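Enquirer: fold the following for me, if possible:
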Amino acid sequence: MSDESCTIPPAPAAPEEQAMTSTASAHAPRKTHRITQMWPHVLLACGCAISITLLATSYVQSSLGVEAVGALRNQAARIDRLDRLQMQLVDAETGVRGYLLTSEALYLEPYEAAAAALPETIRALRADFAPLPEEQSRLLKLVDLVDRKREVLGLAIAARTLDQDVEGEFEGKLLMDEARDLVGVLRANLVAYGERNIDQSLRNFRQTRVAGILLASGSLVLLLLLFAVLQRQFELRERIAGLLAGENQRLDREVRARTIELSSLASYLTNAREAEQAHLARELHDELGALLTAAKLDADWIARKLPQEVREHLDTRISRLQHTLSEGIALKRRIIDDLRPPLLKDLGLIAALKALLEDFAIDGEPIVHTDLPDENTPGLPPEQSLALFRIAQESLTNIRKYAAAKNVWVSLRLDAGVAHLEVRDDGCGFSGAALPAASRHGLAGMKHRVQSHAGKFELQTAPGQGTRISARIPLDPPQRDATAA
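Expert: From the prediction side, this is the model:
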């Protein structure tokens with residue numbers, strides 16, 4: 001093989017510097033992106049804490065409001081019962097005075113009603129003042145004054161009923177005045193106590209209001225921060241998306257360029273191989289063929305010119321030499337046919353395929369079924385013819401080596417400017433994982449030959465179901481991109 005045909009264009013070096021630059025440029029945005037991703041979680045946690053605190057503050061504020069309202073209601077109830085106690089004393093005293101002046105029992109009705117209601121009022125007051133230990137002494141004194149006042153009124157009624165002189169009026173007046181004063185003191189203390197509760201509730205309301213304002217402001221600030229962080233995150237995502245899009249475009253361009261280079265390299269190697277095979281076929285045909293033919297002619301001449309008595313002793317060896325030279329010539333012819341079939345160049349693809357199939361089925365196993373056009377069909381372009389012939393040759397070689405097929409079907413159809421070659425067998429088939437390495441390279445070579453002519457290659461196979469290889473190649477020269485050129 002010549003040095004020129006063996007020269008392989010060097011593959012482009014891997015872009016390590018570009019990869020390192022891309023990695024370094026992408027590292028900072030990724031780190032910033034990770035930090036930015038943490039902020040929404042932190043802000044969300046703070047927002048949840050503030051919301052819970054705000055809810056707790058609102059609950060405390062509402063509880064304080066309820067307690068304040070309850071305290072005011074209890075205060076009003078206590079004051080109302082104190083007033084009721086005083087009114088009952090006044091009614092009892094007024095009724096007794098009317099009875100003392102008129103001796104009419106009718107005037108005793110207010111006294112009797114008041115006397116019946118006073119014990120219940122006193123029990124209610126004891127319950128009202130139970131939470132107020134500081135007022136217990138005054139309440140007990142008031143109860144004692146009420147009991148003494150009732151006693152004085154009862155004595156006055158009894159004396160008047162018996163037409164005796166009524167005594168103790170001055171004492172009754174003193175008791176009434178003292179009870180009125182004590183009720184006033186208790187009332188004033190209750191009012192003061194209520195005012196203190198109101199002031200405390202107002203302070204609590206103010207504090208909770210300030211806390212609510214601060215918490216609401218914090219929530220607003222967190223919302224603003226969260227919006228800013230999300231906005232920053234969106235911007236960062238767009239930036240990363242832009243970087244990734246640019247990197248993907250760069251990688252896509254690099255892959256396209258590398259694919260074009262590899263395709264060109266494969267085409268170059270295929271063409272170089274075909275050129276070397278053609279050169280070697282010519283050398284074998286011209287040089288070795290001439291030598292073998294000359295040797296065969298010389299052996300025949302020697303066999304004819306030897307005397308009979310000498311030939312009897314050398315006839316076996318001369319026949320063996322002639323047979324060996326004939327086999328050498330036949331071997332040379334087969335090698336030349338494999339390297340560059342002369343029929344393909346001289347008679348065209350159809351004749352070359354028929355000769356190939358005849359050699360393949362020379363021993364009758366497997367049986368070959370052919371469907372080929374007539375040999376008078378107009379010739380195909382040389383490059384497409386060579387590609388189809390090599391595909392058929394490689395397919396038959398794989399069938400012979402691996403398929404163990406009983407039948408082989410080979411068809412070639414020419415229609416609408418497309419040559420359709422199909423090779424099918426009923427052999428063992430295969431799966432992609434179990435495919436031998438040699439056949440894998442052979443299939444890749446067939447696929448590349450079809451793709452180099454802008455054709456379509458199909459492979460259908462399964463274990464136990466045979467194999468079908470289909471190649472469609474346009475007969476017109478393919479239009480190559482300027483980039484591929």
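Enquirer: need the contact partners of stretch 95-110.
Expert: D91, A92, T94, Y111, E112, A114, L153, A156, I157, R160, V166 (Cβ atoms under 8 Å, 6 or more residues apart in numbering). Every C-beta, even on glycine, is put in place using the N, C-alpha and C of the backbone.
Enquirer: can you list which of the residues you listed are found in strands?
Expert: If you go by DSSP state E, the contacts of stretch 95-110 have nothing in strands.
Enquirer: list only buried entries from those residues.
Expert: D91, A92, Y111, A114, L153, A156, I157, R160 (16 or more other Cβ atoms under 10 Å).
Enquirer: let me know the pLDDT of the last one.
Expert: So that's R160. R160 carries a pLDDT value of 72.
Enquirer: quick one: the helices in the stretch 251-400 of the chain?
Expert: Secondary structure of the stretch 251-400 of the chain (DSSP state H, counting those that start in this stretch): helices located at 289-305, 308-339, 342-346, 349-360, 382-398.
Enquirer: most tightly surrounded among these?
Expert: helix 382-398 (a mean of 21; mean count of other Cβ atoms under 10 Å).
Enquirer: give me the angle between that one and helix 308-339.
Expert: Angle between the axes of helix 382-398 and helix 308-339 is 110 degrees (criterion: axes from the mean of the first three to the mean of the last three Cα atoms, to 10 degrees).
Enquirer: now the helix or strand just after helix 382-398: how far from the chain's centre is it?
Expert: Next helix or strand after helix 382-398 toward the C-terminus (DSSP states H and E): strand 407-415. Averaging C-alpha positions (Cα atoms, centre = their mean, to the nearest Å) puts strand 407-415 49 Å from its chain's average.
Enquirer: kindly report the same for stretch 97-104.
Expert: That offset, for stretch 97-104, works out to 100 Å (Cα atoms, centre = their mean).
Enquirer: quick check: domain ranges of this structure?
Expert: 19-236, 360-485 (automatic domain parsing).
Enquirer: distance to A299 added to those, as a markdown table?
Expert: Shown next, in a markdown table, are those (distance: least, Cβ to Cβ, whole Å):
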| stretch | distance to A299 |
| --- | --- |
| domain 19-236 | 68 |
| domain 360-485 | 27 |
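Enquirer: any idea which of those scores lowest on pLDDT?
Expert: Among the domains of the chain, domain 19-236 scores lowest, with a mean of 77.
Enquirer: how about the helices of the stretch 101-250 of the chain, start to end?
Expert: Using DSSP H, counting those that start in this stretch, helices in the stretch 101-250 of the chain cover 109-128, 136-161, 169-283.
Enquirer: now render these as TSV, adding distance to A294.
Expert: Listed next are the helices of the stretch 101-250 of the chain as TSV, based on distance: least, Cβ to Cβ, whole Å:
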stretch	distance to A294
helix 109-128	146
helix 136-161	150
helix 169-283	16
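Enquirer: among those helices, single out whichever gets nearest to R320.
Expert: Nearest of the helices of the stretch 101-250 of the chain to R320, taken as Cβ to Cβ: helix 169-283 at 27.5 Å.
Enquirer: against which helices or strands is that closest one packed?
Expert: Packing partners of helix 169-283 (3 or more Cβ pairs under 8 Å, 6 or more residues apart in numbering; DSSP states H and E): helix 3-6, helix 16-102, helix 136-161, helix 308-339, helix 437-452.
Enquirer: can you put the ones you listed in a markdown table and add distance to G427?
Expert: As requested, the helices and strands packed on helix 169-283 are exported to a markdown table (distance: least, Cβ to Cβ, whole Å):
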| stretch | distance to G427 |
| --- | --- |
| helix 3-6 | 36 |
| helix 16-102 | 46 |
| helix 136-161 | 115 |
| helix 308-339 | 23 |
| helix 437-452 | 12 |
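Enquirer: and M87, how far from A295?
Expert: M87 sits 158 Å away from A295, going by Cβ to Cβ, to the nearest Å.
Enquirer: S470: what secondary structure?
Expert: Following DSSP: H, G, I helix; E, B strand; the rest coil, we place S470 in the strand state.
Enquirer: what sits against it?
Expert: For S470, the contacting residues are H420, L421, E422, K456, F457, E458, L459, Q460, by Cβ under 8 Å, 6+ apart.
Enquirer: dump stretch 135-144 to CSV, keeping only the CA atoms.
Expert: C-alpha atoms of stretch 135-144 as CSV (Å, rounded to 0.1, in the frame of the first residue of the first chain):
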residue,chain,number,x,y,z
GLU,A,135,-62.8,43.5,100.7
GLN,A,136,-63.9,40.6,102.9
SER,A,137,-63.8,42.5,106.2
ARG,A,138,-65.9,45.3,104.8
LEU,A,139,-68.4,42.8,103.3
LEU,A,140,-68.7,41.0,106.7
LYS,A,141,-69.2,44.3,108.5
LEU,A,142,-71.9,45.2,105.9
VAL,A,143,-73.6,41.9,106.4
ASP,A,144,-73.5,42.5,110.2
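Enquirer: run the chain-centre distance for that stretch.
Expert: Using Cα atoms, centre = their mean, the distance between the centre of stretch 135-144 and that of its chain works out at 79 Å.
Enquirer: next one: stretch 376-390
Expert: 52 Å.
Enquirer: determine how far the last residue of that stretch lies from the first.
Expert: End-to-end distance of stretch 376-390: 22 Å, with Cα to Cα, to the nearest Å as the criterion.
Enquirer: what's in contact with that stretch?
Expert: 274, 341, 344-345, 348-350, 352-353, 356, 412, 414, 419, 421, 445-446, 449-450, 452-453, 471, 473-475, 477.
Enquirer: contacts only, for I79.
Expert: Contacts of I79 by Cβ under 8 Å, 6+ apart are R187, L190, V191.
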